[in-house]
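**Q** Fold the following for me, if possible:
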Amino acid sequence: MSAPAPAEGSHLSIGEVLNRLRPDFPDLTISKIRFYEAAGLVEPARTPGGYRKFSAQDVERLRYVLTAKHAHYLPLRVIKDQLEAIDRGNGELAEAALPDTGLRFDLTPSEVRLTREQMLEETGLDAEQLAAIEESGLLHRRRGGYYDGDDVSIARIVAELGRYGLEPRHLRSFKGAADREVGLVEQLVVQPNTRRRGSAGLERSRDTAAEIATRLARLHAALLQAGLRHTLSP
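**A** So this is what the prediction gives:
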């Protein structure tokens, strides 16, 4: 449930803004709020000491940005154009709906660190099943010998597909396709921004890569649906 907006005339710190918005946008971080400020999407006031002071309008503006980005997959440049139109009097900040539950990419590093024993306990797999998934190249332990949150998700999905008779070896082509898409996004986003330094540049790269990845995933789903429809048509 959304936290109530601050009273008109009152101001919140950046941490308080995070606490208000995070129930609806769990992947929001302070660095992302700063990134949206650097992108000109929100302009909080400052105290004489330089601390940010967010108004009720600032909080709703951020909610608008987050909803447009996550629920409607709009690029930030489009969201900025919409906000500028609103600032000129062409429309209002609608009360934002909660993000949908569809596929969303969060490219911030996973904080999950699991040993092999913890991985088996977390996923419910046995050692033989986990070994088969690793041998098929679908996941592998990171440097330091741990598994992260992505490994957990992949292992669970592979286990679910196993109930339909799909074994890890049948899924190698999916890993190959994903690797090719990663290479494409890297070519479009990561390599051109290698000279960009600082958290703002990294956040921008992640944001753009997530937008592209979301659309690639939606294209894959649309193609799969179209192919199956054709196959199952009378």
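**Q** Would you map the helices across this protein?
**A** In the chain, helices defined by DSSP state H lie at 14-21, 30-38, 56-70, 76-87, 116-123, 127-135, 149-162, 172-185, 198-231, listed in chain order.
**Q** would CSV of those helices with mean pLDDT be doable?
**A** Listed next are the helices of the chain as CSV, based on pLDDT from 0 to 100:
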stretch, mean pLDDT
helix 14-21, 93
helix 30-38, 90
helix 56-70, 89
helix 76-87, 85
helix 116-123, 90
helix 127-135, 93
helix 149-162, 90
helix 172-185, 91
helix 198-231, 82
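**Q** Out of the ones you listed, which is closest to Gly49?
**A** The minimum distance between Gly49 and the helices of the chain falls on helix 14-21, with 13.5 Å, by C-beta to C-beta. Where C-beta positions appear, they are placed from N, C-alpha and C, glycine not excepted.
**Q** Highest mean neighbour count out of the helices of the chain?
**A** helix 56-70 (a mean of 21; mean count of other C-beta atoms under 10 Å).
**Q** give me every residue that touches the nearest residue to Ala45 once chain neighbours are set aside.
**A** Leaving aside its chain neighbours, Ala45 sits nearest to Lys53 (4.4 Å; criterion: C-beta to C-beta, 6 or more residues apart in numbering). Neighbour list for Lys53: 11-13, 44-47 [criterion: C-beta atoms under 8 Å, 6 or more residues apart in numbering].
**Q** In ChimeraX, select just the buried ones from those residues.
**A** Applied in ChimeraX, the following selects the buried portion of the contacts of Lys53 according to 16 or more other C-beta atoms under 10 Å:
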select :11,12,44
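**Q** Okay, and which of the contacts of Lys53 map to strands?
**A** Counting by DSSP state E, the part of the contacts of Lys53 found in strands is 45-46.
**Q** Asp27 and Val42, how far apart?
**A** Using C-beta to C-beta, to the nearest Å, Asp27 is found at 18 Å from Val42.
**Q** who's more crowded, those two?
**A** Val42 (22 against 15; other C-beta atoms under 10 Å).
**Q** which two of the contacts of Lys53 lie the greatest distance from each other?
**A** Leu12 and Arg46 (13.3 Å).
**Q** about what we covered before: pipe the helices of the chain into a markdown table and attach distance to Thr108 per row.
**A** Listed next are the helices of the chain as a markdown table, based on distance: least, C-beta to C-beta, whole Å:
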| stretch | distance to Thr108 |
| --- | --- |
| helix 14-21 | 14 |
| helix 30-38 | 9 |
| helix 56-70 | 14 |
| helix 76-87 | 17 |
| helix 116-123 | 20 |
| helix 127-135 | 24 |
| helix 149-162 | 10 |
| helix 172-185 | 16 |
| helix 198-231 | 7 |
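**Q** Of all these, which one is nearest Phe105?
**A** Counting by C-beta to C-beta, Phe105 lies closest to helix 198-231 out of these; the figure is 4.1 Å.
**Q** got the angle between the closest one and helix 76-87?
**A** Relative orientation of helix 198-231 with respect to helix 76-87: 100 degrees, computed using axes from the mean of the first three to the mean of the last three C-alpha atoms, to 10 degrees.
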